[in-house]
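Student: sequence and computational prediction follow.
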Amino acid sequence: MMNVSRPAIHPVDALPVAQTAGAIDRPPVRMKDVQGMPGTTGGLILRLSQFVPALISFSVMVTTSDYRSATAFCCLVLAVSLQSLWSLSLFLIDAYALLVRRSLRNHSIVQCFTIGDGITSTLTFAAASASAGITVLINDLGKCNVNHCTRFETATAMAFISWFAVSPSFIINFWTLATH
């Protein structure tokens, strides 16, 4: 095995700035720092935008008394709770990496993030779709007076928003794996 320093273990040094006449002093752009990747500010924002709607969906659904009346709603609670835990943990990892200036572009780390994003996004989308179908059915049967249709619709919409925010993370991480 080669005795080489890996950027996932050692801090990433700032690149030297070339002085040019009349130009604003800014560091050169490194093409491997695509915003949205793990360990970037864009990745941190994406994780937060996944976590907040999932948490809202979970909170709205759990505070509804009769969400246990349909299996799809129970599945939604499970899926968004998993999504919120996954997004929160990766948010904390990204925040730590940014604070200590560590790179998260290790192949194994990106592979783990990609698989986790794929699983959680698939579960969230499936549960949100099933919940949307049940909510439409309850609405079409005219039972919205008895049930909490607006709460179900809100929780389902927040789950779809969370899924929509996971998609760029998955695509960027998958693209990084494919081009590595």
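Tutor: Yes, it's here.
Student: so for the closest residue to Ala127 other than its chain neighbours, what's the pLDDT?
Tutor: Spatial nearest neighbour of Ala127, excluding adjacent residues (Cβ to Cβ, 6 or more residues apart in numbering): Ala79 at 3.7 Å. All C-beta atoms are positioned from the backbone trio N, CA, C, and that covers glycine. Looking at Ala79, its pLDDT stands at 96.
Student: try Met1
Tutor: 50.
Student: same thing with Gly43?
Tutor: Predicted confidence (pLDDT) for Gly43: 88.
Student: hmm, it is touching Gln35, no?
Tutor: Yes. Between Gly43 and Gln35 there is a contact at 7.4 Å, judged by Cβ atoms under 8 Å.
Student: of the two, give the one with the bigger neighbour count.
Tutor: Gly43 (27 against 13; other Cβ atoms under 10 Å).
Student: can you tell me which residues contact the closest residue to Val60 other than its chain neighbours?
Tutor: In this structure, Val60 finds its nearest non-sequential neighbour in Ala155, 4.3 Å apart by Cβ to Cβ, 6+ apart. For Ala155, the contacting residues are Ile56, Ser57, Phe58, Val60, Met61, Thr64, Phe73, Leu76, Val80, Ser131, by Cβ atoms under 8 Å, 6 or more residues apart in numbering.
Student: what strand or helix carries the third one?
Tutor: Per DSSP states H and E: Phe58 is located in helix 41-62.
Student: quick one: buried residues of that helix?
Tutor: For helix 41-62, a neighbour-count test (16 or more other Cβ atoms under 10 Å) marks 42-44, 46-47, 49-58, 60-61 as buried.
Student: with stretch 132-143 instead?
Tutor: Going by 16+ other Cβ under 10 Å, stretch 132-143 has these buried residues: Ala132, Ile134, Thr135, Ile138.
Student: those residues in helices, which ones?
Tutor: Ala132, Ile134, Thr135, Ile138 (DSSP state H).
Student: need the residues you listed in a markdown table (columns: pLDDT and distance to Trp163).
Tutor: Below are those laid out as a markdown table (pLDDT from 0 to 100; distance: Cβ to Cβ, whole Å):
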| residue | pLDDT | distance to Trp163 |
| --- | --- | --- |
| Ala132 | 94 | 12 |
| Ile134 | 92 | 17 |
| Thr135 | 90 | 16 |
| Ile138 | 88 | 21 |
